[in-house]
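Engineer: Next input, structure requested:
(2 chains)
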Protein chains: 2
Amino acid sequence: MQLKARLLEIEAGGNLIVVLGKQKAKELGVVSSDRVKLKANQLETMAILNIASEFPDDAVGVYREVKSKLGLKEGQTLQVSQAERPESLSFVREKIMGEKLGAEKMDMIVRDVVERHLSDVEVASFLTALQVRGMSMEETEAMSLAMVKSGKSIDFGKTPILDKHSIGGVPGDKTTLLVVPIIAAAGYTIPKSSSRAITSPAGTADRVEPLCPVDLTIDEILEVVKKTNACMVWGGALDLAPADDYFIKVEYPLSIDPMLLPSIMSKKKAMGSTHVVVDIPTGRGAKMKTIGQAYQLARDFIELGDRLGMQINCAVTEGEQPIGQAVGPVLEAREALATLMGRGPPDLIDKATSIAGMMLDMVGDKGGKRKAAKILSSGRAESKLRQIIEAQGGDSEIKLDELAPGQKQLDIEAKKAGRVLWINNNAIALLARTAGAPSNPEAGLVLRKKVWDRVSKNEAVLTIYAENADKLDRAERLAEELQPITIGKRLGETMLLDHVTKGRIQRQDFILER
Amino acid sequence: MQLKARLLEIEAGGNLIVVLGKQKAKELGVVSSDRVKLKANQLETMAILNIASEFPDDAVGVYREVKSKLGLKEGQTLQVSQAERPESLSFVREKIMGEKLGAEKMDMIVRDVVERHLSDVEVASFLTALQVRGMSMEETEAMSLAMVKSGKSIDFGKTPILDKHSIGGVPGDKTTLLVVPIIAAAGYTIPKSSSRAITSPAGTADRVEPLCPVDLTIDEILEVVKKTNACMVWGGALDLAPADDYFIKVEYPLSIDPMLLPSIMSKKKAMGSTHVVVDIPTGRGAKMKTIGQAYQLARDFIELGDRLGMQINCAVTEGEQPIGQAVGPVLEAREALATLMGRGPPDLIDKATSIAGMMLDMVGDKGGKRKAAKILSSGRAESKLRQIIEAQGGDSEIKLDELAPGQKQLDIEAKKAGRVLWINNNAIALLARTAGAPSNPEAGLVLRKKVWDRVSKNEAVLTIYAENADKLDRAERLAEELQPITIGKRLGETMLLDHVTKGRIQRQDFILER
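Structural biologist: Next up is the predicted model:
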């Protein structure tokens, strides 16, 4: 039928959605969530239908995504007809029913996710089915390749291409900011793309941004890597495995993460990586709770790497407490720079040189850890970071003082003397987010004490930074409630790690970072 | 923060949704699908957030549902703050992870579904998890009671209250239109609420509507039942187990139906039913494919009935072909009325009297089927139907000729002589829907031949009715393609029931009726 476009001038969250009044929908024989085919301006698209109880009878309501896809103008005539459901929807149903999906079906699902032929409801159902049914290694491989195919790939025209990736879950993990310059200074190519925080106080892209722009195009990345052997950019706008953005959007409210392996590995594949170290932080408050879990995941990464033609080593790392002292974009950038300049915390130094060392060993450069440590202590890694900063459009002369945290600050003090026995990662992350990180990059916190450190009564154990008094206040109240740092005279003296009550507000303890 | 309401003047499909620009969302520390709390006019509500890349910086976009909940005016100031996720979301996650949910958790989920505190994405995930994990009988009972609690109940102030329900799946099943007047004429109370079609050519509410209004209020229902012992109304607007509407909305695109038992039984409970016959049509093209499946479902209905304090008997009925000859609202109303007037097809008469007989037996009125048949043949059931029609506001003198089908009609002819060996229920349903049923009530079809009937070459096997030539045309082409009726000289001569090819358009063969 012919209808007039009524532009709603609002986005539908990336979805292709149109609105019809009840009566028109009935005439067309369609109900809510059915598909319609739209034709205008010699263009055609499919859209998902919403039904409104009141809507002009001669009009079809058009959200912005459909408007721009068809180049519509207000009042323009549009041909609207019933459309078949995408075939991929029956594959979603097969997965719900427990069947295994092959490569062709995965391809069609991923393509329909990217082209928005599947609705959020349908994607949610698919991801829930994957979470409950699990994915076989064949399916994981098929999904990874489908995700690569659905987006762009970058060819740096040489080999090996090194890379590292942390599955996340530990606050303050700025290891990448050290590993990338170490590896590049050793003469290897390491084009690193990272994500922004989803549920954490800072993703690696957030940590790099105080130093230099991270939102580069593929051409700019090729240029930067040519100059410096490396880059540290935000992967979100590069259109590598774009289906993942839609998956994350749906996984986040559901607190599920069935796509961990294909999501990470498809992006590595799209970057042309040949040798990758995957960091699996392990701790009771991290994403992987036990060493056994970490080994299982490591085996899966290595097998999937084999199937995709990438050599993978995994680092199972200490994740019982934050890495270094700083948490929050600016504070972490500052700590990383300070470490490259020779004044860093021992855990961060050890983690960075261990992982860089593994990478060097993987490409046959034996004694990697020792070499990495030398590159770090010699200042060559610092120079390389400054080269990268300059190549990405930042100030290569940046000083530590220019990385200033939020102006409002407050110390949280120890209520008794003793030693730090336990730091609650989840509480630390929540505290830093409450102070404003990462949307305010200057917000965050600094741990004055780490596990095993001695502390006197009323000594500062952590400092919170925020941009205004209100946020500082909220963070202080939360610190009082959460008690993120447990102190005792000796291990075992204070056995209570956390208290949980029925009435206690439900906290976001799900880690969706990958 | 304080923002100005920008009314979007469009519905969000029943959901409570507001829109913020990217920058404001960042300031508020929220991302897409997070919850915000809204305050205005001394009222408060929670809403789910969408984020727009371009949106006025001082405004919050408000869909109609939120507008009416808070009584907002364009430009009015609104207090917007971050809100916690509903606790029920963690129970959804528990179900995904394979835990069993108790009554309290089911109550909270259902309440949050009804109050729109859970988004469509979250409801989709919950239903998918239920579909994959299954529900224990304890969970099914808890869900049924939660659904009853979430809505209204009707108390007719007497006992027993009889009822019947078909799980659907067979086209042309107008049995209810005979059973209700038979039971009421026998002196028992049978307040029947029915649904409209979702995926079929006619639901029972659609079939009754050509005879009289079906959209009654609870007070009107009480009045009609007082007068006539019965009613035949649409249950959709009665607010009995309202969560089901939201569940169906999400189940439909996913083609899953995990809520079959609680959906049906909660509505029976809300109507105060004490004795219920559940009809389970069984056939290769019906919802239940095998007798074994039918028995399993029957056992579940009976056990759930025990738990909910209702006596349930199940009728496993023949579902290999449509019931009677007519398919489509008006055609079926006409066939039902004709049957009550003494000119009905034998399968419909047998099914109606069998089910009515079971109901009479259940309340101790032995020899039920014989009594039911007598009430039918004596004309007492017809008089009762006319009483009900009048009480509901219809014309009690309605004649068969007044129930006229669509003006455009077309016979589909047999391509060879023989006997009808097989009628494809799904193809018949699709054909009737393509002709326009149920949105056009006069559309549908009449089977001139049923299984085992003799047919000559070029004899009409079915007649399609539509309101215009275009729809008739589409239905004709579909009939040619689907060949819904298989003819052969003897059983076994024509073994091909249907042909399925890869390229063949994906058909809607999912039956979401309950």
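
Engineer: ok, the longest strand along chain A near chain B or not?
Structural biologist: Determined from DSSP state E, the single longest strand within chain A is strand A:43-52. Yes. Contact of strand A:43-52 with chain B (Cβ under 8 Å from any Cβ of the partner chain) involves A:50-52. Backbone N, C-alpha and C define where each C-beta goes, glycine included.

Engineer: May I see the buried residues of that strand?
Structural biologist: A:45-52 (16 or more other Cβ atoms under 10 Å in any protein chain shown).

Engineer: Reformat those residues into TSV and put pLDDT and distance to B:Ala270 next to each item.
Structural biologist: Converted to TSV, the buried residues of strand A:43-52 look like this (pLDDT from 0 to 100; distance: Cβ to Cβ, whole Å):
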residue	pLDDT	distance to B:Ala270
A:Thr45	95	43
A:Met46	94	39
A:Ala47	95	37
A:Ile48	93	32
A:Leu49	92	30
A:Asn50	91	29
A:Ile51	90	26
A:Ala52	90	29
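
Engineer: List just the nearest of those to B:Met135.
Structural biologist: Ranked by distance to B:Met135 (Cβ to Cβ), those are led by A:Ile48 at 28.8 Å.

Engineer: of all the residues of strand A:43-52 next to chain B, which comes closest to B:Phe91?
Structural biologist: Of these, the one sitting nearest to B:Phe91 (Cβ to Cβ) turns out to be A:Asn50, at 27.9 Å.

Engineer: what's the closest non-adjacent residue to that closest one?
Structural biologist: A:Val19 (4.8 Å; Cβ to Cβ, 6 or more residues apart in numbering or on different chains).

Engineer: Beta-bridge partners for that neighbour, please?
Structural biologist: Beta bridges link A:Val19 to A:Asn50, A:Gly61, judged by DSSP bridges.

Engineer: Contacts only, for it.
Structural biologist: If you count contacts by Cβ atoms under 8 Å, 6 or more residues apart in numbering or on different chains, A:Val19 has them with A:8, A:49-52, A:55, A:60-63, B:10-11.

Engineer: Closest to A:Thr353 out of the residues you listed?
Structural biologist: The nearest one, if we look at those relative to A:Thr353 and count by Cβ to Cβ, is A:Tyr63, at 50.9 Å.

Engineer: Is the closest one in contact with A:Leu8, as I believe?
Structural biologist: Yes. Counting by Cβ atoms under 8 Å, A:Leu8 is a contact partner of A:Tyr63 at 5.3 Å.

Engineer: more neighbours, these two?
Structural biologist: A:Tyr63 (23 against 19; other Cβ atoms under 10 Å in any protein chain shown).

Engineer: need the next SSE after the lowest-mean-pLDDT helix or strand in chain A, C-terminal direction.
Structural biologist: Counting by mean pLDDT, DSSP states H and E, chain A has its least confident helix or strand at helix A:22-28, which shows a mean of 88. Following helix A:22-28 in sequence order, the next helix or strand is strand A:35-40 (DSSP states H and E).

Engineer: tell me what that following strand is packed against?
Structural biologist: strand A:17-21, strand A:43-52, helix A:64-70, strand A:77-82 (3 or more Cβ pairs under 8 Å, 6 or more residues apart in numbering or on different chains; DSSP states H and E).

Engineer: hmm, 7 Å instead?
Structural biologist: strand A:43-52, helix A:64-70, strand A:77-82 (3 or more Cβ pairs under 7 Å, 6 or more residues apart in numbering or on different chains; DSSP states H and E).

Engineer: List phi and psi for the nearest residue to A:Ala326 once chain neighbours are set aside.
Structural biologist: Leaving aside its chain neighbours, A:Ala326 sits nearest to A:Glu335 (4.1 Å; criterion: Cβ to Cβ, 6+ apart). Here is the backbone geometry of A:Glu335 (degrees, to the nearest 10): phi -70, psi -40.

Engineer: Give me the number of neighbouring residues for A:Glu335.
Structural biologist: 26.

Engineer: Equivalent analysis for the one 5 residues further on, please.
Structural biologist: A:Leu340 sits with 25 neighbouring residues when counted by other Cβ under 10 Å.

Engineer: Against chain B, how distant is it?
Structural biologist: Distance, A:Leu340 to chain B, using Cβ to the nearest Cβ, to the nearest Å: 30 Å.

Engineer: And that residue, how far from B:Asn458?
Structural biologist: Distance of A:Leu340 to B:Asn458, computed by Cβ to Cβ, to the nearest Å: 90 Å.

Engineer: and the stretch 51-200 of chain A, which residues reach chain B?
Structural biologist: With Cβ under 7 Å from any Cβ of the partner chain as the criterion, the stretch 51-200 of chain A meets chain B at residues A:52-53, A:61, A:84-85, A:87, A:90, A:93, A:96, A:119-122, A:124-125, A:128-129, A:131-133.

Engineer: now, which of those lie within strands?
Structural biologist: Among those, the members falling in strands (DSSP E) are A:52, A:61.

Engineer: In helices, which of the residues of the stretch 51-200 of chain A next to chain B fall?
Structural biologist: With helices taken from DSSP state H, the overlap with these comprises A:90, A:93, A:96, A:120-122, A:124-125, A:128-129, A:131-133.

Engineer: Most neighbours among those, please name it.
Structural biologist: A:Ser125 (33 neighbours).

Engineer: Can you get me a residue count around A:Asp112?
Structural biologist: With other Cβ under 10 Å as criterion, A:Asp112 counts 22.

Engineer: quick one: it is in a helix?
Structural biologist: Yes. Assessed by DSSP: H, G, I helix; E, B strand; the rest coil, A:Asp112 belongs to a helix.

Engineer: Let me see the contact set for it.
Structural biologist: Residues near A:Asp112 by Cβ atoms under 7 Å, 6 or more residues apart in numbering or on different chains: A:86, A:88, A:118.

Engineer: what's the closest non-adjacent residue to it?
Structural biologist: A:Ser88 (4.3 Å).

Engineer: That neighbour contacts A:Ser119, doesn't it?
Structural biologist: No. Counting by Cβ atoms under 7 Å, A:Ser88 stays clear of A:Ser119, with 11.6 Å between them.

Engineer: Nearest spatial neighbour of the residue in the stretch 201-350 of chain A that chain B sits nearest to, chain-adjacent residues omitted?
Structural biologist: When scored by Cβ to the nearest Cβ, the stretch 201-350 of chain A has A:Pro253 as its residue closest to chain B, at 4.3 Å. Of all residues not flanking A:Pro253 in the chain, B:Ser33 sits nearest, at 4.3 Å (Cβ to Cβ, 6+ apart).
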